[in-house]
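Novice: mind looking at a prediction? Sequence and model below.
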Amino acid sequence: MARMTMIEAVRSAMDVAMGRDDDVVVFGEDVGYFGGVFRCTQGLQAKYGKTRCFDTPINESGIVGTAIGMAAYGLKPCVEIQFADYMYPAYDQLTQEAARIRYRSNGDFTCPIVVRMPTGGGIFGGQTHSQSPEALFTHVCGLKVVVPSNPHDAKGLLIAAIEDPDPIMFLEPKRLYNGPFDGHHDRPVTPWSKHDLGEVPEGYFTIPIGKAVVRREGSAVTVIAYGTMVHVALAAAEDTGIDAEVIDLRSLLPLDLDAIVKSVAKTGRCVIVHEATLTSGFGGEIAALVQEHCFYHLEAPVMRVAGWDTPYPHAQEWDYFPGPARVGRALTDVMEA
Amino acid sequence: MVETGHLSLHVPEPAVRPGGQPDFSNVKIARAGAVPRPEVDAAAEDIRDLAYSIIRVLNRDGEAVGPWAGLLSDDDLRAGLRNMMTLRAFDARMLMAQRQGKTSFYMQHLGEEAVSCAFRKALKKGDMNFPTYRQAGLLIADDYPMVEMMNQIYSNESDPLRGRQLPIMYSSKEHGFFTISGNLATQYVQAVGWAMASAIKNDIRIAAAWIGDGSTAESDFHSALVFASTYRAPVVLNVVNNQWAISTFQGIARGGSGTFAARGLGFGIPALRVDGNDYLAVHAVACWAAERARRNLGPTLIEYVTYRVGAHSTSDDPSAYRPKTESEAWPLGDPVLRLKKHLILRGLWSEERHVQAEAEIMDEVIAAQRKAEEHGTMHAGGRPSVRDIFEGVYAEMPPHLRRQRQKAGY
């Protein structure tokens, strides 16, 4: 075991995967010599050579499009989109191509690619460096969507994603890169070195995609979250003293419905939290599933806490970010309902 | 200050519209044999002229002339003619099948048969094409079974794609034919990626990308050229300029650049323009580009100048936007007739053998069609299972899809 930040964990995952399989290639904007703007690929080009880890032109549809071609050839590309906000030029390649190649060719061709992208806000990135577009991927049949919340999971999930035979959107909450940010932006930053989930095996291990985990057991209300919001939900439970059970989904698609149903059947209350905008967000899907599968267990309406339905503002970041106070209010409301 | 006045927007128009007299006098056509054949390691800037001329081998009399002639044996040439005739007969039967309601949709190649049939012969087993919907000659010329193509067109119980894809969107890894998307230009950059992978693995195989004149306007065309140029990918970048993107004439996509081939020059990619209705010229230029790729010299852009004689698809009516007689006025002629004339001139073929071959080929196509129809057509007989809707979205079916499949009753 070693102490790792989420950046180091993601890098270690790619290092392990590249070491085990010559077909794994890593590329993207600034990814090669420099090692990425968040340094996630630092050292990989020096270690594996510039035909296995390299810089690309600033062209996201080209990055994903060439990755699809490489996957059709038999490689396992793991590419980086510098910010999730820059994903849109590649959206056609992801939705119409990557997601459907296996289906439309009846398995004659497949598309085992991983598209990594830093997601979410909390770094004063404004509207073009803060977005959470996961629902734009969960709506696409054929893609899988993974969002880790800590270094340990990031590594195990990323190795599993690289080995997976289908295309995976791997969203890395950038505010978690250097520590378990719980939304209390006015408090000192906690580093991963002081957190249990900063302990990461140095070698090979995987975490199955599609399995959620309970981060805090509780009996009063189920909070369903992923990525940064897992830590915000935990803080909200502490701050309010409400005995919340916090589920970290880890994978949105496939979704661990059993874990959700089991918990809500126990608590009878459910709050869903995500940083992405509310309307047509993934929380709506979870809410629908909860009422469909847990209706007779529910003692209160299912609540959602999410980003406002506006672009991500710059100066007003902390009024936009669904922090522990807003989640705490929802917990209180759902307990009083 | 110079007085500049008010601005006005330029919207290009084709020379002639329905009711008018077809006019291709603006299409500059080089004499057959007139365009030089550079060494394959020539730099793009040294062969700029080739992006603005038209490489041709067959002259008006049917002779093969000039530096691009002489690559194909007598047997190759007869096989080429047979492939083009087969594709034409296949198209005729499948168009009719669509009109008879045996399938929902079809797209034919009439007038463009030389492009895909001749190109296939420049590739080797293991190379990979990323085709559009108008390159079925790649399959025909590689002896892919017609009955499999028809099973796909009919979406019947033997459809290799299980009824999931629109008719003619074939897929065959074995025959170097990447699954057709149906979206435009997306596969162009994928071909570059496949070629990059081959280079990364120090392989010997190359890729070929395909796009139409209209779709070169898509940003993926630019993406493909940037990546191909940057990494010197072993890929042949094909642009089939058949003059029409559904109802839109090629001037709308081309803008002021003169030719589509010229688009390659800004990327430092050698670019050639070729008579797409000349089987020998298409083959010679394709071989030149393939050799460049195999020798690790990088990509080549080829514009095939041809003409879409038929409608865009069975859902299109070209008489609404172009003169009915325009195809007859097309100055580069018919690829089948031109190769036939060449073979007859060389004493390798005759009118009698041609008529006989037409009959034989039609018999083969009809026999394949009968065999396919034993497995059903779009609206009658055997069809893919409802189960097939849910299979193959992922390698392993996730729980939510299992639940939905059960809901559907399977």
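Specialist: That came in fine, so what should we check first? These numbers come from a predicted model, not from an experiment.

Novice: how many neighbours does A:Glu217 have?
Specialist: Using other Cβ atoms under 10 Å in any protein chain shown, A:Glu217 has 11 neighbouring residues. Yep, even glycine has a C-beta here, placed from its N, CA and C like the rest.

Novice: which SS class is the closest residue in space to it that isn't next to it in sequence?
Specialist: In space, and not counting its chain neighbours, A:Glu217 is closest to A:Glu245: 5.7 Å by Cβ to Cβ, 6 or more residues apart in numbering or on different chains. Three-state assignment for A:Glu245 (DSSP: H, G, I helix; E, B strand; the rest coil): strand.

Novice: separation between A:Glu245 and chain B?
Specialist: Per Cβ to the nearest Cβ, to the nearest Å, A:Glu245 is found 21 Å from chain B.

Novice: so what sits opposite that residue in the bridge?
Specialist: On the basis of DSSP bridges, A:Glu245 is bridged to A:Thr222.

Novice: now do the strands in the stretch 1-150 of chain B.
Specialist: Ranges of strands in the stretch 1-150 of chain B, per DSSP state E, counting those that start in this stretch, are B:128-130.

Novice: got the residues of it near chain A?
Specialist: B:Met128, B:Phe130 (Cβ under 8 Å from any Cβ of the partner chain).

Novice: so which residue is smack in the middle of chain A?
Specialist: Nearest to the mean C-alpha position of chain A, by Cα atoms, centre = their mean, lies A:Val147 at 1.7 Å.

Novice: show me what contacts that residue?
Specialist: A:Thr119, A:Glu134, A:Leu171, A:Glu172, A:Pro173, A:Tyr226, A:Gly227, A:Leu249, A:Arg250, A:Ser251, A:Leu252 (Cβ atoms under 8 Å, 6 or more residues apart in numbering or on different chains).

Novice: looking at these, which are in helices?
Specialist: If you go by DSSP state H, the contacts of A:Val147 have A:Glu134 in helices.

Novice: which residues touch the residue of the stretch 1-150 of chain A found nearest chain B?
Specialist: Proximity to chain B, evaluated over the stretch 1-150 of chain A using Cβ to the nearest Cβ, is greatest for A:Gly69 at 2.6 Å. Taking Cβ under 8 Å, 6+ apart as the criterion, A:Gly69 is in contact with B:Phe130, B:Val189, B:Gln190, B:Ala191, B:Val192, B:Gly193, B:Trp194, B:Ala195, B:Met196, B:Ala197, B:Ala207.

Novice: pick out the residue in the stretch 201-350 of chain B sitting closest to chain A.
Specialist: Minimum separation of the stretch 201-350 of chain B from chain A (Cβ to the nearest Cβ) falls at B:Ser223, amounting to 3.6 Å.

Novice: that residue falls within a helix, correct?
Specialist: Yes. B:Ser223: assigned to a helix according to three-state DSSP.

Novice: who are the contact partners of the closest residue to it other than its chain neighbours?
Specialist: Among residues not flanking B:Ser223 along the chain, A:Gly62 sits closest, at 3.6 Å (Cβ to Cβ, 6+ apart). Contacts for A:Gly62 (Cβ under 8 Å, 6+ apart) come out as A:Thr56, B:Val189, B:Val192, B:Asp220, B:Ser223, B:Ala224, B:Val226, B:Phe227.

Novice: ok, A:Gly62 to B:Tyr231 distance?
Specialist: Counting by Cβ to Cβ, to the nearest Å, the separation of A:Gly62 from B:Tyr231 is 11 Å.

Novice: quick one on the thing from earlier: the residue of the stretch 1-150 of chain A closest to chain B and B:Ala233, how far apart?
Specialist: Distance of A:Gly69 to B:Ala233, given as Cβ to Cβ: 9 Å.

Novice: ok, A:Gly156 next?
Specialist: Relative to B:Ala233, A:Gly156 is positioned 34 Å away (Cβ to Cβ).

Novice: who's more crowded, those two?
Specialist: Neighbours of A:Gly156 and B:Ala233, each counted by other Cβ under 10 Å, are more numerous for B:Ala233; the result is 27 against 22.

Novice: count the neighbours of the residue nearest to the more buried one when sequence neighbours are not counted for me.
Specialist: The shortest distance from B:Ala233 to any residue other than its chain neighbours is 4.0 Å, reached at B:Ala195 (Cβ to Cβ, 6+ apart). If you count neighbours by other Cβ under 10 Å, B:Ala195 ends up with 35.
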